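K.L.:
Requesting a structural model of the entry that follows:
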Amino acid sequence: MLDLVMWDIDHTLMATRGLGGELWATAWEEATGRPLREQASVTGSTERVILRETARLHGITDTEALFGRFAEALGSVHVRRAGALRERGHALPGAATALAALAARGVRQTVVTGNVRSAAEVKLAAFGLDPHVDLEIGAFAEDGEERAELIAAALRRAEVHPDRAVFLGDTPADVAGGHGAGVRVVAVATGRASVAELRAEGADAVLSGLGDLGDLEDALRA
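P.N.:
Alright, predicted model coming up:
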């Protein structure tokens, strides 16, 4: 079918139902020593961009050292609150089945996400979604700011040509990022963007969700 399927995480495979914002605020305070007054927009952004813009809103200079402290704090708070994540969040319908079905067909899968790697690992494990994804060829916030940059990093690590890969995400930024990296994009309308909005953005295929495995496989083969 394909050499590589790359998945976004938040609102594509899972939902944290508000807990993600709480964990972000805790990590921010641990990294900066200041309470979070206002957070920059998170939809479709990477943690590097969100941190930089949030730091600007607070009059804080964005540095690599700040990102390092924040990434460590964010990973740590996810580990500490993994139980709450399991209680309040959930894998989206069909996500586990889709991952398992593609793995059974021998398709390599990974994640390309704006999350820092340690937080992504906790999220995937919390909902039992980690057995079928190869994190070593994935890409995370540590790898860059823009989605296309992250997808390109994953393709290099997997040694896969863009023509033999597909990216699944839920935002217009995911669609633009995938096309910017030269891969086909299957958009899933399980986040804030509607089917119509994702089609208008130019997604190669749009699904209302992951509940119909046949629809997913058709979209991946198209």
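K.L.:
hey, let's count contacts and neighbours off CA atoms from now on
P.N.:
Noted.
K.L.:
Now do the SS call for residue 24.
P.N.:
When classified by DSSP: H, G, I helix; E, B strand; the rest coil, residue 24 comes out as helix.
K.L.:
Next: residue 96.
P.N.:
Residue 96 - assigned by three-state DSSP - is helix.
K.L.:
Just give the nearest non-adjacent residue to it, would you?
P.N.:
Distance criterion CA to CA, 6 or more residues apart in numbering; nearest residue to residue 96, sequence neighbours excluded, is residue 129 at 6.0 Å.
K.L.:
you'd agree that neighbour is in a helix?
P.N.:
No: with three-state DSSP as the criterion, residue 129 is located in coil rather than a helix.
K.L.:
ok, now which ones touch it?
P.N.:
By CA atoms under 8 Å, 6 or more residues apart in numbering, residue 129 lies in contact with 91, 95, 96, 99.
K.L.:
How about the last one: what's its closest non-neighbour residue?
P.N.:
Put plainly, it is residue 99. residue 132 (6.2 Å).
K.L.:
Hmm, residue 101 and that neighbour touching each other?
P.N.:
No: Residue 132 is not in contact with residue 101 according to CA atoms under 8 Å; the separation is 9.4 Å.
K.L.:
So which of these two has more stuff around it?
P.N.:
In terms of neighbours (other CA atoms under 10 Å), residue 132 is the more surrounded of residue 132 and residue 101; the figures are 19 against 15.
K.L.:
dump the residue contacts of the closest residue to residue 79 other than its chain neighbours.
P.N.:
Nearest-residue entry for residue 79: residue 122, 6.4 Å, with adjacent residues in sequence omitted and distances by CA to CA, 6+ apart. When contacts are counted by CA under 8 Å, 6+ apart, residue 122 touches 78, 79, 82.
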